[in-house]
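Structure, please.
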Amino acid sequence: MISCAKCNVFSSVEMKNLLPTESSKFDQLIFSSVPAMSTSQSTSVPKDGSHLPMGKYLASSDKKTRDKAVKSLAAFLSNTGEKPLSKLDMAKLWKGLFFCFWHSDKPLVQQELATELANMLLLIPTPEAALDFLRGFWEMMVREWTGIDHLRLDKFYMLVRRFVNGSFRLLMSTDWEAKYVDEYNVIMDGSGGPLSYGDRRVPPSISYHLADIYLEELDKVLADTSSRDTPVIKLLSPFTILASRTSNNATYTRLQNDLFEPLLSALSSSKSDDEPRPKRQRLIVPTPPTYSNIISKAEVTNESSAPVEMKKALLRHIFEVASKEDSREANRKKLYSMWKNHKDDSGNLDSDWGDSQ
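I've put the predicted structure just below:
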């Protein structure tokens with residue numbers, strides 16, 4: 001990535017990569033009607049929603065130009081987003097959007113732009129095209145992550161959070177249809193995805209951040225629905241697979257401590273809500289997350305005992321993934337240990353699938 005942190009402008013090579021090439025028919029058809037931009041015409045952005053704005057408009061150092069380009073992009077995606085972009089065109093688009101967000105400096109501007117970009121997932125007419133847009137986002141983040149300086153890292157953490165939230169809202173809009181959830185998981189843990197265990201290009205810190213925010217954002221999204229068919233276990237599958245196969249001990253530790261343990265503890269606490277509690281607590285301790293919406297909206301066979309059913313399903317899932325041949329031995333032992341600790345704590349789980357360990 002270019003050193004924008006120092007110069008705040010594009011190099012000639014980087015700008016060339018954002019401009020249309022003769023090899024792309026999409027560029028020739030869409031970009032041909034976009035007028036050339038000079039310094040004096042920096043705000044001349046096409047208003048017609050049928051034209052995808054060039055990367056140089058999205059990446060302009062002028063905020064008005066960037067804002068117009070983003071609006072134009074939203075119109076384009078909502079009108080013609082059902083037509084999939086080529087891999088090259090999607091990479092160009094997200095290169096421009098990456099620098100569009102890079103140039104946003106003020107906190108309120110950053111928050112507004114992050115929300116606007118994530119909401120584009122819901123503007124695109126078809127789930128297939130929206131997931132393709134999401135795939136482009138994650139490929140861009142993996143590609144550019146290591147070049148983000150520490151001064152800008154927090155705002156990109158926020159952008160990731162917004163897209164995690166937007167992804168859940170997109171899947172919920174399809175009623176959690178299995179084929180879309182499956183495709184989402186492929187995006188997350190497939191080659192080049194943020195939770196890919198075998199791709200050395202993927203920075204571990206992305207999975208750390210996802211472990212921190214994943215359940216929190218899912219719980220927020222489920223607050224807006226009364227449906228009880230959320231496939232929580234399937235949504236957690238990319239993390240379980242990563243935990244079973246990663247060779248990075250820090251990655252495994254973050255997944256267990258920040259994702260699995262908090263959820264399992266919340267499920268245990270939810271079962272004992274009716275137990276008497278002390279009237280006074282002498283020490284003020286942080287309140288652990290309850291994930292009440294996740295627990296109440298999860299897909300279970302018996303709604304009256306949702307926490308028990310969900311905990312059984314989650315522990316079964318952890319056990320089955322750990323038992324697979326391609327799990328690393330060291331990780332398998334850790335997962336079995338976590339499974340056994342919570343199984344023993346529950347005392348009422350099925351015995352026909354776990355007593356062998």
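
looking at it, Phe319 is touching Trp339, isn't it?
Yes: counting by C-beta atoms under 8 Å, Phe319 touches Trp339, with 5.1 Å between them. Every residue, glycine included, has its C-beta placed from N, CA and C.

who's more crowded, these two?
The neighbour comparison of Phe319 against Trp339 (other C-beta atoms under 10 Å) goes to Trp339, with 23 against 20.

and the gap between the more buried one and Ala243?
12 Å (C-beta to C-beta, to the nearest Å).

mind showing which ranges of the protein have poor pLDDT?
1-54, 80-83, 271-285, 301, 303-304, 345-357 (pLDDT under 70).

Can you tell me the centre-most residue of it?
Val164 (3.5 Å; C-alpha atoms, centre = their mean).

And that residue, how far from Lys92?
Going from Val164 to Lys92 by C-beta to C-beta gives 24 Å.

How about Pro204?
Using C-beta to C-beta, we find Pro204 at a distance of 28 Å from Lys92.

The two: which is more packed in?
A direct count of neighbours by other C-beta under 10 Å for Pro204 and Lys92 places Lys92 higher, at 26 against 11.

Name the SS class of the more buried one, please.
helix (DSSP: H, G, I helix; E, B strand; the rest coil).

again, but for Phe137
helix.

What segments of the chain are strands?
With DSSP state E, there are no strands along the chain.

Just give me the longest helix of it.
Identified as the longest helix of the chain according to DSSP state H is helix 150-173.

OK, contacts around the residue nearest to the centre of the chain?
Residues counted as contacts of Val164 (C-beta atoms under 8 Å, 6 or more residues apart in numbering) are 210, 213-214, 217.

try 6 Å
Glu217 (C-beta atoms under 6 Å, 6 or more residues apart in numbering).

do the same with Trp145
Pro203.

let's go with 8 Å and repeat that
Trp145 touches 156, 203, 205-206, counting by C-beta under 8 Å, 6+ apart.

Out of the residues you listed, list just those in helices.
Among the contacts of Trp145, DSSP H puts 156, 205-206 in helices.

Please convert those residues to TSV, extending it with neighbour count and distance to Gly193.
Conversion of those to TSV gives the following (neighbours: other C-beta atoms under 10 Å; distance: C-beta to C-beta, whole Å):
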residue	neighbour count	distance to Gly193
Phe156	20	17
Ser205	15	15
Ile206	20	10
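
Report how many residues lie close to Ser337.
Ser337: 13 neighbours (other C-beta under 10 Å).

how close does it get to Ser323?
14 Å.

again with Phe137
From Phe137 over to Ser323 (counting by C-beta to C-beta), the distance is 33 Å.

Same check on Phe163?
Separation of Phe163 from Ser323 (C-beta to C-beta): 33 Å.

between the two, who's got more neighbours?
Each of Phe163 and Ser323 has its neighbours counted (other C-beta under 10 Å); Phe163 has more, 21 against 15.

does that one really touch Ala118, like I thought?
Yes: using C-beta under 8 Å, Phe163 is in contact with Ala118, at 5.0 Å.

Give me the spatial nearest neighbour of Asp189, chain neighbours excluded.
Excluding the flanking residues, the one nearest Asp189 by C-beta to C-beta, 6 or more residues apart in numbering is Pro238, at 3.8 Å.

Am I right that the one you found is in contact with Asn185?
Yes: contact criterion C-beta under 8 Å: Pro238 and Asn185 qualify, at 5.3 Å.
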